[in-house]
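> How does the following fold in three dimensions:
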Amino acid sequence: MIDVLRSTALLVLFPALTLAQVSVSVDTGADVHPISPLIYGINFAADPDVVAGRLTLTRWGGNGTTRYNWQIDTTNTGADYFFENIPGCWSVAGNYCSPVPSDPRSNSGANALLGAAKTRGIATLFTVPVMGWVAATAKYAHPFDCGCPRSLVAAQDAFDPYDLGCGNGLSGGVHVQCNGTAISTTFGATDARSWASALVTRFGASNGTRIYQLDNEPALWSSTHYDAHPAATTYDELWTKSRDTALALLDADPTAQISGPAEWGWPNYFCSAADTAAGGCSAASPDRAAHGGTEHVAWYLQQAKAQETASGKRVLHWLDLHYYPQGGSAPENLRSLWDPTYVDPSWIGGAGIAGGIIRLLPRMRDWVAQNYPGTRISLSEYAWFSDVNGPMGPVVYAELLGLFGRERLDAATAWGGPGGSDTAFAAFQLFRSYDGAGSGFGDTSVRATIGSGSGATAFAATAPGKVTIVLTNEQSGSQTVTVQLAGATPSGAAQWWRTSSNATITRQPDVAFAGTSATLSLPARSIGMLVVAVASGGNDGGTGGTDGGADGGAPPAPDAGTAGPDGGASPGPQGPGSSEVQGSCSTAAGGPVGALALLLATLAFTRRRS
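The predicted model follows:
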């Protein structure tokens, strides 16, 4: 079952002391591969953050986009908030729909986000509904239409305190009979084609920079959107609807790229919701067994490949998943993203799947290589929530960004921030604009090794004429770090930029090299960038552009090949004078991206699989 609770990540405290010297070896001739610029993304990125962090990708996504009706700029909040149809203007930024919008279709939150992205020249992951139902009505004042009304079932566990006629669809913790379809309208492939056509008319052909995402976390439709989709999603339902929607989108916008399935997490990478709802996930689970015992993601990729073989048209360019740690503490539990020896410390470790070893990014690459080569991989949602604005935020998110580049992830958008005022945002600034003038981490990853158990990490990349090395100190005491460079010859002293106690990046005294070796001090829980000008070596690897190609250039043509979930309890639609929590999505001009985008962006993580 899906239990409601917060994911926690405990901060491990270490004694404050100066630790022994740490040795880092960088070899510019080993493990050389391009870093995709699209790993530096954030969901619903606010315009000031796009600028300050030189972000490359934003996303219109999350639970609310499953039932978003683009014609009326209205979504249904699902289980995140009493299954209510909420218009995009219902927030402080939208003045609670006063005055009532005269043209919600043109002035929608979706259009505002796309317009802001186009102005800034960044790519967009853009979610299109696949589940089959979207909000049918837009009311601009209480009472709102809702899928589990008191008039239908009086005995529910909770009702919206601002709209007492809308319940949470549970009685004694068990789902009651709701009727979300009564306040919804159908949305299928034809509707997706119409929306894509309207977007092409308004914003031009996507040319790969508007990546259409096929809905959101389909294994959770029967919980998050229980009122309209109570049946657990199957292999066949998901693929059929995904294929038909993808074909319709590509018919309207042939230059587009398609991403899916945006699945929430373990074990639904391996089995459908129909299987896990029945209490298990193995090759013998009924739905999986009916599909040859094939893991769900692998089967999904196989169908996409078969579709291309039959039609000559690629309908899936990106394998996209979500990832939220289910236990353990950061930064140790970041090992779940890559380490083939790390048994996850959460319930996953004993779930009987893959020995509890997630190794998510290599696993995604394996799925692609074995089932649909050329498909790119992305994480459109990930978060270490307790570290977003904590003392370890810069370290945790710098290690995430470093891992994404090293492990050849093609795109990523963080969920729930970080925003510019969060400590973790320093990680994006370090990688993208450590000097505040656009200088960043190189675009070609090379080998960086560091002693195990040192409490520090290192990532290295080259760019024309320089080697960049990101260092993090996980400990509560300072560390002395010696960097040994191979494959390139330093030319003069290296620039050294690092965070201070307030997560601000400042330039420190330059670091002199003695031959190919240099020593520096890394303060407690800090991150830094060593910028080494080189006279030789340093594979430049690409241009470092932000337009979507893994080599810094243009993204490939569409046919080239190439958790708890995000939702949770949203800020309630209370109304004027309430204490509603607000987000900060902005346009390039600094105004609101749209209240619906703001509402979706502030949804908090409250569910996990158990």
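> which residues in the stretch 251-400 of the chain form strands?
With DSSP state E, counting those that start in this stretch as the criterion, the stretch 251-400 of the chain has strands at 257-263, 318-323, 376-382.
> could these be laid out in TSV, adding mean neighbour count, mean pLDDT and distance to G62?
Placement of C-beta: from N, CA and C, glycine included. Below are these laid out as TSV (neighbours: other Cβ atoms under 10 Å; pLDDT from 0 to 100; distance: least, Cβ to Cβ, whole Å):
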stretch	mean neighbour count	mean pLDDT	distance to G62
strand 257-263	28	98	10
strand 318-323	26	98	10
strand 376-382	26	98	8
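> With distance to A290 added, can I get those in CSV?
Listed next are the strands of the stretch 251-400 of the chain as CSV, based on distance: least, Cβ to Cβ, whole Å:
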stretch, distance to A290
strand 257-263, 18
strand 318-323, 22
strand 376-382, 27
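> for the stretch 101-250 of the chain, what spans make up the helices?
Using DSSP state H, counting those that start in this stretch, the helices of the stretch 101-250 of the chain run over residues 109-120, 189-203, 221-224, 235-252.
> Find the residue closest to L520 in space, skipping its chain neighbours.
Leaving aside its sequence neighbours, L520 sits nearest to V511 (Cβ to Cβ, 6 or more residues apart in numbering; 5.0 Å).
> Check S206 too.
Leaving aside its chain neighbours, S206 sits nearest to A256 (4.5 Å; criterion: Cβ to Cβ, 6+ apart).
> need the contact list for that neighbour.
A196, A205, S206, G208, R210, I211, Y212, L249, L250, P558 (Cβ atoms under 8 Å, 6 or more residues apart in numbering).
> quick one: pLDDT of it?
A256 is assigned 97 on the pLDDT scale.
> again, but for S500
88.
> swap in V581?
Note for V581: predicted pLDDT of 25.
> for C148, same thing?
Value for C148, per-residue pLDDT: 98.
> What of the one 3 residues further on?
Among the per-residue scores, S151 holds a pLDDT of 97.
> contacting residues around the residue lying closest to it once chain neighbours are set aside?
Nearest-residue entry for S151: G165, 6.7 Å, with adjacent residues in sequence omitted and distances by Cβ to Cβ, 6+ apart. Going by Cβ under 8 Å, 6+ apart, G165 touches P143, C146, P149, R150, S151, F159.
> Among these, the buried ones, what's the ChimeraX command?
Buried residues among the contacts of G165 (16 or more other Cβ atoms under 10 Å), as a ChimeraX selection:
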select :146,149,150,159
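> just the contacts of G165 now: which is nearest P37?
Taking Cβ to Cβ as the measure, C146 is the one of the contacts of G165 closest to P37, at 41.9 Å.
> Okay, and the beta partners of the residue lying closest to that closest one once chain neighbours are set aside?
Nearest residue to C146 in three dimensions, chain neighbours excluded: C166, at 3.6 Å (Cβ to Cβ, 6+ apart). Beta bridges link C166 to P149 when assigned by DSSP bridges.
> Neighbours of C166, how many?
If you count neighbours by other Cβ atoms under 10 Å, C166 ends up with 27.
> Return the distance of it relative to W133.
17 Å (Cβ to Cβ, to the nearest Å).
> And for A30?
To W133, A30 is 52 Å away according to Cβ to Cβ.
> what about those two, which has more around it?
More crowded of A30 and W133, by other Cβ under 10 Å: W133, with 24 against 14.
> I figured the more buried one hits I183, correct?
No: shown here, W133 and I183 do not form a contact pair, counting by Cβ atoms under 8 Å, at 9.4 Å.
> hang on, the earlier thing: got a PyMOL select line for the buried ones in the contacts of A256?
In PyMOL, this line selects whichever of the contacts of A256 come out buried by 16+ other Cβ under 10 Å:
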select buried, resi 196+206+208+210+211+212+249+250+558
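> So, low pLDDT: which residues of this structure?
For the chain, applying pLDDT under 70 flags the ranges 1-20, 536-610.
> in it, which spans are helices?
For the chain, applying DSSP state H gives helices covering 47-52, 109-120, 189-203, 221-224, 235-252, 273-277, 286-289, 296-311, 360-371, 393-406, 425-433, 595-601.
> Please dump those into a markdown table; it should also carry distance to P345 for every row.
Output for the helices of the chain, formatted as a markdown table (distance: least, Cβ to Cβ, whole Å):
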| stretch | distance to P345 |
| --- | --- |
| helix 47-52 | 32 |
| helix 109-120 | 37 |
| helix 189-203 | 41 |
| helix 221-224 | 25 |
| helix 235-252 | 30 |
| helix 273-277 | 21 |
| helix 286-289 | 26 |
| helix 296-311 | 23 |
| helix 360-371 | 15 |
| helix 393-406 | 16 |
| helix 425-433 | 24 |
| helix 595-601 | 30 |
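> Can you say which of those helices is packed in most?
helix 595-601 (a mean of 29; mean count of other Cβ atoms under 10 Å).
> tell me the contacts of the nearest residue to L379 once chain neighbours are set aside?
Using Cβ to Cβ, 6+ apart and skipping the chain neighbours, the partner closest in space to L379 is A412 (4.7 Å). Neighbour list for A412: L38, I39, Y40, G41, L57, S378, L379, S380, Y382, F404 [criterion: Cβ under 8 Å, 6+ apart].
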